[in-house]
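Student: Provided below are the primary sequence and the corresponding predicted coordinates.
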Amino acid sequence: PGESDNRNQQKMEMKVWDPDNPLTDRQIDQFLVVARAVGTFARALDCSSSIRQPSLHMSAAAASRDITLFHAMDTLQRNGYDLAKAMSTLVPQGGPVLCRDEMEEWSASEAMLFEEALEKYGKDFNDIRQDFVSWE
């Protein structure tokens with residue numbers, strides 16, 4: 001206290017979650033269920049998504065990926081843990097927010113190659129990239 005902070009604030013980490021927020025674990029879990037449901041609906045509306053994920057089950061599984069949950073948690077934090085504001089952010093005027101990660105851009109054969117590489121090399125991603133997924 002009382003000392004100046006000369007650190008470069010641009011290089012500092014940004015707080016993305018406050019564990020002392022006013023929500024209960026149950027409320028957070030309920031919000032995550034809603035975020036997954038919105039993600040599933042967003043995939044149903046997105047033509048390229050519905051081609052890749054032709055069944056509701058597959059769309060729901062894709063909407064449960066970490067990227068959707070990270071977006072939901074970030075949405076809660078950015079909206080001050082106000083559930084009503086956060087929900088309206090998940091579904092802005094243009095329609096529901098669709099969250100995708102890099103893995104969803106891969107074809108089925110590319111994903112199978114990656115799984116094969118994981119079996120062969122474990123988590124040695126340099127070798128995997130070099131021998132199996134050189135397109136990335």
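Tutor: Good, I have the coordinates. Numbers count the residues shown, from 1 in each chain.
Student: in the helix ranked longest in the chain, what counts as buried?
Tutor: Identified as the longest helix of the chain according to DSSP state H is helix 25-45. For helix 25-45, the neighbour count (16 or more other CB atoms under 10 Å) marks 28, 31, 32, 34, 35, 36, 38, 39, 40, 41, 42, 43 as buried. Any C-beta I mention is one placed from the backbone N, CA and C, and that applies to glycine too.
Student: make a markdown table out of those residues and add distance to residue 80.
Tutor: As requested, these are exported to a markdown table (distance: CB to CB, whole Å):
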| residue | distance to residue 80 |
| --- | --- |
| 28 | 14 |
| 31 | 13 |
| 32 | 17 |
| 34 | 17 |
| 35 | 17 |
| 36 | 22 |
| 38 | 20 |
| 39 | 22 |
| 40 | 26 |
| 41 | 25 |
| 42 | 24 |
| 43 | 28 |
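Student: out of these, which comes closest to residue 99?
Tutor: residue 39 (6.3 Å; CB to CB).
Student: please consider this matter closed, and thank you.
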